[in-house]
Every structure is written in C-alpha cells, then in structure tokens.
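1. here is a sequence with its predicted model. Questions after.
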Amino acid sequence: MLKLIRLEWKKNNIKKYIWKAAGITVILLFFIIPMARELESENPIQLHGKSMLAHSIDLFTHLIFIIFTGIMISAFIIDAYKKRTMDLMFSYPISRRKILLSQIAAVWIFSFASLLFCKLCLSVTLTLTRPLTGIAATDILAGSLSFWLNMILSSAAMVSVSYISLLTGTLTRSSKTAIVTSVIIAALTQGNIGDATLAGSIPFYALLMILAVLSVCISVCHAETGDLR
C-alpha cells in the first residue's frame with residue numbers, strides 16, 4: 001500500500017501541491033497577522049471555547065483546505081476516470097479496491113499533513129510575533145495537550161468530510177461536481193447567516209463524517225463491480 005501511495009504522489013506530481021500548500025500558508029500568514037491586534041484584546045471574546053484569533057485560524061484554514069482536498073480528489077481520482085487511465089490501472093494484477101484506497105489515502109495523508117503544517121505555522125508565527133501584535137490569547141500557544149488534540153482532531157475531521165465530494169464526482173465522472181461539492185461543504189461547515197451557523201455543531205459534523213465514510217465505501221464497492229453493471 002505504501003508503494004502505491006508513493007506511486008500516486010509521483011504520478012500526480014506531488015511537488016506542485018507542496019508548493020501550493022506552502023503558498024496558501026504564506027498568504028494566510030500575511031492575512032492573519034494584521035488581523036491579530038484587532039481580533040484580540042486584554043479580555044478576548046470566546047467563541048466555541050476558543051479565542052476569536054484561534055477561531056479565525058481554524059475558519060480560514062478549514063475553509064481553504066476543504067476545497068483544496070476536493071481539488072486533489074478531483075485530480076487524483078475523478079480525472080483518472082475521465083481520462084480512462086483508471087481502466088489501465090484496473091488492468092494491473094492488483095486489487096481494484098487496493099488501487100482506489102491508495103489514491104484515497106494519498107490525498108488524505110497529504111491534505112491532513114498540509115493543513116496541520118499550515119495551522120502550526122500560523123500559531124507559531126503569531127506566538128513569536130506576540131510582542132509586536134499584542135495578542136492576549138493563551139490558546140494560540142502550542143504548549144498544552146488540548147492545543148495539540150484540537151489541532152490534530154479538527155484537521156483530520158475537516159479533511160475527512162471533504163470525501164463526500166468523492167462520491168458525487170465519481171458517479172457523475174465530473175471534476176467540477178466534486179469541486180462544487182467541496183465548496184458547498186466548506187460553506188456549510190464554516191459559514192454563517194447572521195448569528196446562525198453550523199460550525200461547532202457536533203451532530204452536524206457526525207452526520208458529515210457518516211456521509212464521508214459512506215461515500216468512500218460506495219466508491220470503493222463501485223470500483224470493484226462498476227464494469228459489470
């Protein structure tokens with residue numbers, strides 16, 4: 001499986017995605033740092049148990065990387081169906097399920113690592129520039145277990161829910177459908193209308209996780225029998 005994952009990264013030129021993820025991180029740094037002073041005060045407002053600055057980091061990184069994952073799913077998997085290269089791969093003496101799972105894992109691992117790296121860079125930079133920005137948030141500091149647990153679990157959850165777009169893209173053989181689905185997911189999970197928002201809603205995220213798991217399962221099962229229907 002690891003060899004297949006590395007093959008997927010090489011085949012899809014993972015270096016360009018590394019540069020894209022790095023570019024996103026730099027852009028967010030230049031965007032977040034000027035906002036830090038405005039977002040924080042001596043008594044920072046708490047939202048969902050986090051300071052406004054920590055919440056803003058989660059908001060922007062989750063929003064961008066949900067879509068980023070959808071784009072990678074489109075490039076790694078949906079385009080392979082569209083260009084018929086998946087048919088060639090399925091002719092190899094390797095289980096179709098294993099091939100598709102390696103593609104899914106290749107995207108998940110890279111997206112998760114990229115999101116985690118981006119969050120860490122933002123948090124460390126804001127901590128180091130604290131004397132200049134005057135931020136008062138203590139949850140930005142990467143010293144507590146809760147900080148790391150929240151960062152890891154939230155990153156894993158956001159990347160995972162992006163896989164709902166896998167099913168819509170696979171069934172329609174459309175990259176645009178997959179990307180649009182990921183944009184909708186990003187809007188639903190991170191957006192708000194006035195004071196109404198689904199961000200932080202555990203039942204909603206649980207539902208999305210179930211849909212993501214079903215999306216992967218259905219896509220893998222369809223790969224095994226798709227040409228028999």
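-> Received the coordinates, thanks. Numbers count the residues shown, from 1 in each chain.

2. for stretch 119-139, what does the pLDDT average out to?
-> For stretch 119-139, mean pLDDT rounds to 70.

3. same question for stretch 34-42.
-> Averaging pLDDT along stretch 34-42 yields 62.

4. got it, and stretch 156-176?
-> The predicted confidence, averaged over stretch 156-176, sits at 90.

5. now it, how far from the centre of its chain.
-> On the basis of Cα atoms, centre = their mean, to the nearest Å, stretch 156-176 is displaced by 11 Å from the centre of the chain it belongs to.

6. all the helices of the chain, residue numbers only.
-> Using DSSP state H, the helices of the chain run over residues 2-11, 14-39, 52-73, 79-82, 85-90, 96-128, 130-133, 145-161, 164-172, 175-190, 202-225.

7. neighbours of F31, just the number please.
-> Here the neighbour count serves as a burial measure; for F31 (other Cβ atoms under 10 Å) it reads 12. From N, CA and C alone the C-beta is placed, and that goes for glycine too.

8. ignore what I typed, I meant I184.
-> Using other Cβ under 10 Å, I184 has 16 neighbouring residues.

9. quick one: contacts for C118?
-> 21, 24-25, 28, 61, 65 (Cβ atoms under 8 Å, 6 or more residues apart in numbering).

10. swap the cut-off to 10 Å and go again
-> 21-22, 24-26, 28-29, 57, 60-61, 64-65, 68, 155 (Cβ atoms under 10 Å, 6 or more residues apart in numbering).

11. report the two of those residues separated the most.
-> Within these, V26 and S155 form the most distant pair, 18.7 Å apart (Cβ to Cβ).

12. those two: which is more packed in?
-> Relative neighbour count places S155 above the other of V26 and S155, with 24 against 12, counting by other Cβ under 10 Å.

13. how close does that one get to I202?
-> The span separating S155 from I202 equals 17 Å under the rule Cβ to Cβ, to the nearest Å.

14. same question, L149
-> Computed as Cβ to Cβ, the L149 to I202 distance reads 15 Å.

15. what do you get for V161?
-> In this structure, V161 and I202 are 13 Å apart, going by Cβ to Cβ.

16. and L211, by the same measure?
-> For L211, the distance to I202 under the criterion Cβ to Cβ works out to 15 Å.

17. which one's more surrounded, the two?
-> Remark: of L211 and I202, L211 carries more neighbours, 15 against 7, as counted by other Cβ under 10 Å.

18. could you find the closest non-adjacent residue to the more buried one?
-> Nearest residue to L211 in three dimensions, chain neighbours excluded: I164, at 5.1 Å (Cβ to Cβ, 6 or more residues apart in numbering).
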